[in-house]
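>>> I would like to see how this sequence folds:
(2 chains)
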Amino acid sequence: MALQLTNTLTRRTETFVPLEPGKVSIYCCGVTVYDLCHLGHARSYIAWDVLRRHLIWSGYQVTFVQNYTDIDDKILNRAAAEGSSMETVSERNIEAFVADMASLNILPADRMPRATQSLDGIRALISELEAKGAAYSADGDVYFAVMKHAGYGKLSGRDLAEQQSNADGRVADVEEARKQHPFDFALWKGAKPGEPSFPSPWGAGRPGWHIECSAMVRAELGDTIDIHLGGADLIFPHHENEIAQSEAASGHELARYWLHNGMVNVGGQKMSKSLGNFTTIRALVESGVSAMTLRLFVLQAHYRKPLDFTPEALDAAATGWKGLNAALQLTAATGPAPQDANKPQPEIPQPEIPQAGGFPWADARSRFAAALNDDLNTSAALAVLFELAKPLRALANRIERGDPAAAAEAHQSELVARCVLLQELASVLGLKIETEPAKADAGSNGHPGAGDAEIQAQIEARLAAKAAKNFQEADRIRDGLKAQGIELIDKGGGLTDWIRA
RNA sequence: GGCGGCAUGGCCAAGUGGUAAGGCAGAGGAUUGCAAAUCCUUUACCCCCAGUUCGAAUCUGGGUGCCGCCUCCA
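Okay, the predicted model is just below:
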């Protein structure tokens, strides 16, 4: 089955056909770099990362461009508040963005243009629009005239006449008064005193938000691209305006497919900076939630539906990930060596990997592919992963316990084939092995708790007590350690492991 | 008010005409000195009403509830 995608533009799920066979050009709206990314951003970019990985896995040559908006009121406000500059705030948050995306195992975009580096293209585009009569200037600002563009509203389903009457009752501020239509939006904003500005034919100022993306798409990928991505909250006005600008200038369709992801909700409300109900990726990871747990949490829901963020759901994902991770760890020990990490797309195997024919689960690969082809049904795809992983995690556990027969079983051809397949499919979802955090530094970073040596001594004492059938003493030691946050795990062969709970 | 979307077991969530995937939690069992961890087994007729159909969670109409966008937002 060919890839089906739900296109916001047509409100239909359509078969994906690229402009050029075998190649896909993608533009993904990035972040305004005034603060750290939160779970909502993570959801969006994980979803699109899976789209990208799936396309690569399917044999497409993908060009993925994502922008940074590094000129914006919010950045200026932040800079003013902390007494630094726009550049300082931007640079810091771009660095954080790169790190956060990497921690979530999101493939870096092929190119990441910035608004501040795209000014020539922006000015050229505004000039073109002006020459075509689609833009007008007013007091140093330049606006796009929505009434001059037939088809304005086609993405979001808005009707200009209707919206105008709706807007009539609103309070019109100074900026509103300059507009010919309430939906007209700024292409260029005249400089305000004390703010950074850039020269232009319309006077010093800075670009509006929407024009940045139009200019960057054009500079990086051309007039028409295959897929344009973004959050559902960008449909209007951002993407609507982007279409209007680009199509008014070029006369060509901007993007064939528009994909939008659903929001992350908290208590039934959208997670957002303005509501203040957000949790940053960083805060989650620092609180001990693993990156792959976040990935699993996000991928268990369909990308277009709203996703509720609750501690319970996150716990469920953490436990679920533990099982998959155990299977993947066995896979790493059994399967073929990982590929060269320096290759451009190192983690995504190409489709030539041999089929695991002959086994009852041999159709797992095609079921997985069918799930992703069905408008990125990651939830159904994950079900295939869990199915493959089940016997592997059981085996991993037996090996862990020192079962000698288990180690031999791991090399049976069926299990090896299963491992190879699991590894391949997991990589398409961007799920990768997470190793246990090191125990060594615990206790030394301000947290009260026993040092390793002391814990080991206690374990020895308890084992001795157990051997002497002094279970009361053994339990006393265990409870004592538990009070310090140390949990003991008895394993086969008289061994005891421990974890910091 | 306009546009769009969603309602499936205790929680999260697939499934778009043929008799309910998966994860988590729960229950029973195995294992354990007891635990923990782990493994095995197991748990739903799909918001309400009406209709179409041999047959509907899935289609149609109506109702109710919830969410997003209409200002910056992934």
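>>> excluding covalently adjacent residues, which one is nearest to whichever residue of the stretch 151-300 of chain A sits closest to RNA strand B?
The minimum distance from the stretch 151-300 of chain A to RNA strand B, using C-beta to the nearest atom of the strand, falls at A:Gly231 (2.2 Å). For every residue, glycine as well, the C-beta is placed using N, CA and C. Closest residue to A:Gly231 in three dimensions, ignoring its sequence neighbours and counting by C-beta to C-beta, 6 or more residues apart in numbering: A:Ser44, at 5.2 Å.
>>> ok, now A:Glu473?
With C-beta to C-beta, 6+ apart as the criterion, A:Glu473 has its nearest non-adjacent residue at 4.1 Å, and that residue is A:Ala465.
>>> residues in contact with that neighbour?
A:Phe471, A:Glu473, A:Ala474, A:Ile477 (C-beta atoms under 8 Å, 6 or more residues apart in numbering).
>>> run a quick neighbour tally on the residue of the stretch 151-300 of chain A closest to RNA strand B.
As a burial measure, the neighbour count of A:Gly231 was computed by other C-beta atoms under 10 Å and equals 21.
>>> can you check the pLDDT for it?
As predicted, A:Gly231 sits at a pLDDT of 96.
>>> tell me what it is bridged to.
Note on A:Gly231: beta-bridge partners by DSSP bridges are A:Asn261.
>>> surely it meets A:Gly40?
Yes: in terms of C-beta atoms under 8 Å, A:Gly231 counts as a neighbour of A:Gly40; the distance is 7.3 Å.
>>> joint contacts of those two?
A shared contact of A:Gly231 and A:Gly40, defined by C-beta under 8 Å, 6+ apart, is any residue touching both; here these are A:Met263.
>>> one step back: biggest separation within the contacts of A:Ala465, which pair?
Greatest spacing in the contacts of A:Ala465, by C-beta to C-beta: A:Phe471 and A:Ile477 (10.6 Å).
>>> ok, back up a step: which among the contacts of A:Ala465 gets closest to A:Ala249?
Ranked by distance to A:Ala249 (C-beta to C-beta), these are led by A:Ile477 at 74.7 Å.
>>> check the offset of the host helix or strand of the closest one from the chain's centre.
The secondary structure element spanning A:Ile477 is helix A:471-483 (assigned by DSSP states H and E). Mean C-alpha position of helix A:471-483 versus that of the full chain (C-alpha atoms, centre = their mean, to the nearest Å) differs by 44 Å.
>>> with stretch A:15-33 instead?
Between the mean C-alpha location of stretch A:15-33 and the chain-wide mean there is a distance of 16 Å, by C-alpha atoms, centre = their mean.
>>> returning to that earlier point: out of A:Phe471 and A:Ile477, which sits in the busier spot?
A:Ile477 (19 against 11).
>>> enumerate every residue touching the more buried one.
Taking C-beta under 8 Å, 6+ apart, we find A:Ile477 in contact with A:Gln458, A:Ala461, A:Arg462, A:Ala465.
>>> from A:Leu488, how far out is the third one?
According to C-beta to C-beta, to the nearest Å, A:Arg462 stands 7 Å off from A:Leu488.
>>> what touches both of those two?
Common neighbours of A:Arg462 and A:Leu488 (C-beta under 8 Å, 6+ apart) are A:Arg478, A:Thr496.
>>> quick one on the thing from earlier: need the contacts of A:Ala465 in TSV with distance to RNA strand B and pLDDT, can you?
Putting the contacts of A:Ala465 into TSV (distance: C-beta to the nearest atom of the strand, whole Å; pLDDT from 0 to 100) gives the following:
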residue	distance to RNA strand B	pLDDT
A:Phe471	3	88
A:Glu473	9	87
A:Ala474	4	90
A:Ile477	9	88
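>>> tell me which of those residues is nearest to A:Tyr136?
Comparing these against A:Tyr136 with C-beta to C-beta picks out A:Ile477 as the nearest, at 80.3 Å.
>>> domain parsing for chain A?
Described in terms of automatic domain parsing, the domain architecture of chain A consists of the residue ranges A:4-270, A:310-428, A:452-500.
>>> now do the contacts for the closest residue to RNA strand B within the stretch 301-450 of chain A.
In the stretch 301-450 of chain A, the residue that lies nearest RNA strand B is A:Gly320 (2.5 Å; C-beta to the nearest atom of the strand). Residues near A:Gly320 by C-beta under 8 Å, 6+ apart: A:Leu296, A:Gln300, A:Phe386.
>>> gap between it and A:Leu314?
Look at A:Gly320 and A:Leu314: by C-beta to C-beta, they are 11 Å apart.
>>> same deal with A:Leu324?
16 Å.
>>> ok, now A:Thr496?
Spatial separation of A:Thr496 from A:Leu314 under the definition C-beta to C-beta is 30 Å.
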